[in-house]
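In: model the structure of this input:
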Amino acid sequence: MPVPNLFIIGAPKCGTTALAHYISEHPEAFICDPKEPFYFCDDFPRLKQAQGLTDDAAYLALFDGADPARHKAIGEGSTNYLRSETAVANALRMNPDAKFIAMLRNPVEVVHAFHMELHFSRNEDEADFETAWRLQDARARGERIPESAQAELWLQYREMAMFSRQIERFFALVPEDQRLVLLQEDLNADCGAVYRQALAFLGLPDDGRTEFPRVNAAHAHRSELLAKLILTPPGPLKAPVEALRSALRRNRIPLVETLKRKLRKDATREAMSPAFRAELEDLYREDVARTGALLGRDLSHWLPARDPASAPAAAG
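Out: This next block holds a predicted model:
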């Protein structure tokens, strides 16, 4: 039975879905479907339960389609693994020689994009990002948690993008030759170069790929009413609808996947107020400096310094 030797571990909204898609089309690589089984993050139990993966045998069955004689890289791309405190260690226990790819991005952009994604999937019920951000302390006390939320820790946006502590844990667990950290900005600037860097890290030959279509762009529902019925069904329908959704996630019926795509539309995120953006930039400034030091890369351009005299005044 094939055992995964590649984990694309996050962070969310940093280009991991695109990279996993490109790698999955390499003739010597296999990425399981669903891409994000969330199997190893014990600290996010509902995510794991939603996939119906009760044990190692059920998890490994996701890779039955891989041919170890042909596929040098066999893996998955659960973007929660970098944030999880257990996932990387658990994955290493299954395969101590596995390779790991993490991707990062300006944390202010990450939390903004992640909120939009959570609202789309109804893990978040507050449409306004700043309002959702202000709810973090209440939610940490167990208040104002959306009934349909699969992971309460996802609602702690602040910690989700504190990358330095996540990278420190990652580096402490994974030997240097088994880990690679990429930046979304580099993927955007020269997708081919980053793709070839990932292939070299995985020991895969360059397949000559030159086309890199956009993957997992910001999106919204075409019908909010239909989305509410499917993602937050009323009481009597909740159990059967969730059971059906779980089965569809496991089986990936092509017609259903096509329908899901048709029910989405491209969207843009609502802009943050200048004062709120400045607040977040100041919050993450020290952590960005620590992350840059860990990576040996200057990331100060993520959060450019501001002239205090020109800083926007706080509301209220």
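
In: apart from its neighbours in sequence, what residue is nearest residue 99?
Out: The shortest distance from residue 99 to any non-neighbouring residue, by CB to CB, 6 or more residues apart in numbering, is to residue 178 (5.0 Å). Where you see a C-beta, it was placed from the backbone N, CA and C, and this is true even at glycine.

In: residue 270 now?
Out: Once flanking residues are discounted, residue 270 sits nearest to residue 129: 7.3 Å by CB to CB, 6+ apart.

In: list the contacts of the one you found.
Out: With contacts taken as CB atoms under 8 Å, 6 or more residues apart in numbering, residue 129 has the following neighbours: 111, 112, 115, 116, 269, 270, 272.

In: am I right that the fourth one is in contact with residue 269?
Out: Yes: Residue 116 is within contact range of residue 269, at 5.3 Å (criterion: CB atoms under 8 Å).

In: okay, the two: which has more neighbours?
Out: residue 116 (20 against 13; other CB atoms under 10 Å).

In: pLDDT (mean, whole number) over the helix or strand containing the more buried one?
Out: When secondary structure is defined by DSSP states H and E, residue 116 falls within helix 107-120. Model confidence over helix 107-120 averages 96 on the pLDDT scale.

In: picking that back up, turn the contacts of residue 129 into JSON lines, including distance to residue 89.
Out: Formatted as JSON lines, the contacts of residue 129 follow (distance: CB to CB, whole Å):
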{"residue": "111", "distance to residue 89": "25"}
{"residue": "112", "distance to residue 89": "30"}
{"residue": "115", "distance to residue 89": "28"}
{"residue": "116", "distance to residue 89": "31"}
{"residue": "269", "distance to residue 89": "34"}
{"residue": "270", "distance to residue 89": "38"}
{"residue": "272", "distance to residue 89": "35"}
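
In: and those, which is closest to residue 285?
Out: Compare each of the contacts of residue 129 with residue 285 using CB to CB and the shortest gap goes to residue 111, at 14.2 Å.

In: surely the closest one is in contact with residue 280?
Out: Yes: Residue 111 lies in contact with residue 280 (CB under 8 Å); the separation is 7.1 Å.

In: so what sits against both of these two?
Out: When contacts are counted by CB under 8 Å, 6+ apart, residue 111 and residue 280 have residue 133 as shared neighbours.

In: on that earlier part again, so what pLDDT did the residue nearest to residue 270 get?
Out: Spelled out, the predicted local distance difference test score at residue 129 is 98.

In: again, but for the one 4 residues further on
Out: For residue 133, the pLDDT comes out at 98.

In: after the helix or strand where it lies, which helix or strand is next?
Out: Residue 133 belongs to helix 129-134 when elements are defined using DSSP H and E. Past helix 129-134, heading to the C-terminal end, the next element that is a helix or strand (DSSP H and E) is helix 136-140.

In: list the buried residues for that next one?
Out: For helix 136-140, the neighbour count (16 or more other CB atoms under 10 Å) marks residue 139 as buried.

In: show me what the very next helix or strand once past that helix is packed against.
Out: Taking DSSP H and E as the definition, the helix or strand that follows helix 136-140 towards the C-terminus is helix 157-160. Under the contact criterion of 3 or more CB pairs under 8 Å, 6 or more residues apart in numbering; DSSP states H and E, the helices and strands touching helix 157-160 comprise helix 107-120, helix 129-134.
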